[in-house]
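K.L.:
task: produce atomic coordinates for the following.
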Amino acid sequence: MFRLKNIISIKDFEREDIEYILEEASKLENIAKSKEVSEELKGKILGLMFFEPSTRTRMSFETAMKRLGGEGIGFENSRSSSVSKGESIADTAKMFEGYCDALVIRHELEGVSKFISDIVDVPVINAGDGAGQHPTQTLLDLYTIKREIGQIDNLKIALIGDLKFGRTVHSLSNALGLFENIKIYLVSPPELRMPQEILHDLNKTNVRYEESDNIEDVIDDIDILYITRIQKERFGDIEEYLKIKGAYVINKKMLEGKDLIVMHPLPRIDEIDSDVDNTKYNKYFTQAANAVPVRMAILKTLIKNNPK
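P.N.:
Down below sits the predicted model:
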């Protein structure tokens, strides 16, 4: 049984909660791929409150809801809502609560999803809050790992790129702390090291980790290479961004002969060369597609468990 009403942070999860969603997602694969039709959520409406740009997260949530027979309403930036007129986020959320059976929220500020979950009665799903957490991305990352490698325990994974602002790697690090015999290599420029808060969390688990600034130091010892883009929008000074942009680039030559998979939460800018796309190492497009069954499992579980 899944315990949570809201999905705000992966830190709220137990291992059993994660395994429940992954198992449910596997059962929904045929529906996600349009091989079967479902009306599990017929008559239900999902509210999509996206204050930050999104392609994969927003579209996969919409697709997931429609695959289950439901519908989605919402906006994809604050300019297309009454927030642009000065309406508070709280009032906007209360309006959505009246229209919808669950809310998905992306915002540039950490903590907004938690704030909204405290003032509405329908389930709230955090679709990314600033440099904080992105729990549903982590669930689809773990689903991808399990399907491609066969297990999540006993893994060596390199998290590469923007570890300071990258909410996907924050959530993934926290989640891996629930599994056994995990080694994480944290590879980043000195300016973009993993926040101390995340390292503090890891220190309370059995996860072993090492920090480095060089991919070559770790590439021969990993099962998964998980790279993220350097996030221009998180820098206050464009000159600081330009100094670091392109710090890490993965190409086909450096992967040859390696026994690993390459993952990326996308979008990519220049950190994975296109010559990797048609190799066995590329799992980032599969990873993106896996968002649909995983988010179907999330929506089905939360809406069924918490009827209005």
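
K.L.:
show me the strands in the stretch 101-250 of the chain, by range?
P.N.:
For the stretch 101-250 of the chain, applying DSSP state E, counting those that start in this stretch gives strands covering 102-107, 124-129, 156-160, 183-187, 208-212, 224-227.

K.L.:
in CSV, list those along with mean neighbour count, distance to residue 40 and mean pLDDT.
P.N.:
In this view, the C-beta of every residue, glycine as well, is placed from N, C-alpha and C. Formatted as CSV, those follow (neighbours: other CB atoms under 10 Å; distance: least, CB to CB, whole Å; pLDDT from 0 to 100):
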stretch, mean neighbour count, distance to residue 40, mean pLDDT
strand 102-107, 27, 13, 96
strand 124-129, 26, 17, 94
strand 156-160, 24, 33, 98
strand 183-187, 23, 36, 98
strand 208-212, 14, 40, 97
strand 224-227, 24, 32, 98
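
K.L.:
got JSON lines for those strands, with distance to residue 275 too?
P.N.:
As requested, the strands of the stretch 101-250 of the chain are exported to JSON lines (distance: least, CB to CB, whole Å):
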{"stretch": "strand 102-107", "distance to residue 275": "32"}
{"stretch": "strand 124-129", "distance to residue 275": "29"}
{"stretch": "strand 156-160", "distance to residue 275": "18"}
{"stretch": "strand 183-187", "distance to residue 275": "21"}
{"stretch": "strand 208-212", "distance to residue 275": "24"}
{"stretch": "strand 224-227", "distance to residue 275": "15"}
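
K.L.:
please name the nearest non-neighbouring residue to residue 195.
P.N.:
Excluding the flanking residues, the one nearest residue 195 by CB to CB, 6 or more residues apart in numbering is residue 164, at 6.3 Å.

K.L.:
look up how far residue 246 lies from the one you found.
P.N.:
According to CB to CB, to the nearest Å, residue 164 and residue 246 sit 17 Å apart.

K.L.:
more neighbours: these two, which one.
P.N.:
Legend: neighbour count by other CB atoms under 10 Å for residue 164 and residue 246, higher for residue 164 (19 against 11).

K.L.:
centre-most residue in this structure?
P.N.:
The chain has residue 137 as the residue nearest its centroid, 1.7 Å off, counting by CA atoms, centre = their mean.

K.L.:
the helix or strand residue 16 falls within packs against which elements?
P.N.:
In this assignment (DSSP states H and E), residue 16 forms part of helix 15-27. Applying 3 or more CB pairs under 8 Å, 6 or more residues apart in numbering; DSSP states H and E, one finds that helix 15-27 contacts helix 135-149, helix 291-305.

K.L.:
show me what it is in contact with.
P.N.:
Helix 15-27 is contacted from outside by 1-4, 139, 142-143, 146, 175, 178-179, 290, 293-294, 296-298, 300-301, using CB atoms under 8 Å, 6 or more residues apart in numbering.

K.L.:
distance from the chain centre to that helix, please.
P.N.:
In terms of CA atoms, centre = their mean, to the nearest Å, the centre of helix 15-27 is found 15 Å from the chain centre.

K.L.:
tell me which stretches of the stretch 151-300 of the chain form helices.
P.N.:
167-176, 196-203, 238-244, 252-255, 284-289, 291-305 (DSSP state H, counting those that start in this stretch).

K.L.:
what is the mean pLDDT for the last one?
P.N.:
If you average the pLDDT over helix 291-305, you get 98.

K.L.:
what's that helix in contact with?
P.N.:
With CB under 8 Å, 6+ apart as the criterion, helix 291-305 contacts 2, 4-7, 20-22, 24-29, 31-32, 40-41, 44, 46, 56-57, 60-61, 63-65, 67-68, 70, 101-102, 123, 125, 136-137, 139-140, 143.
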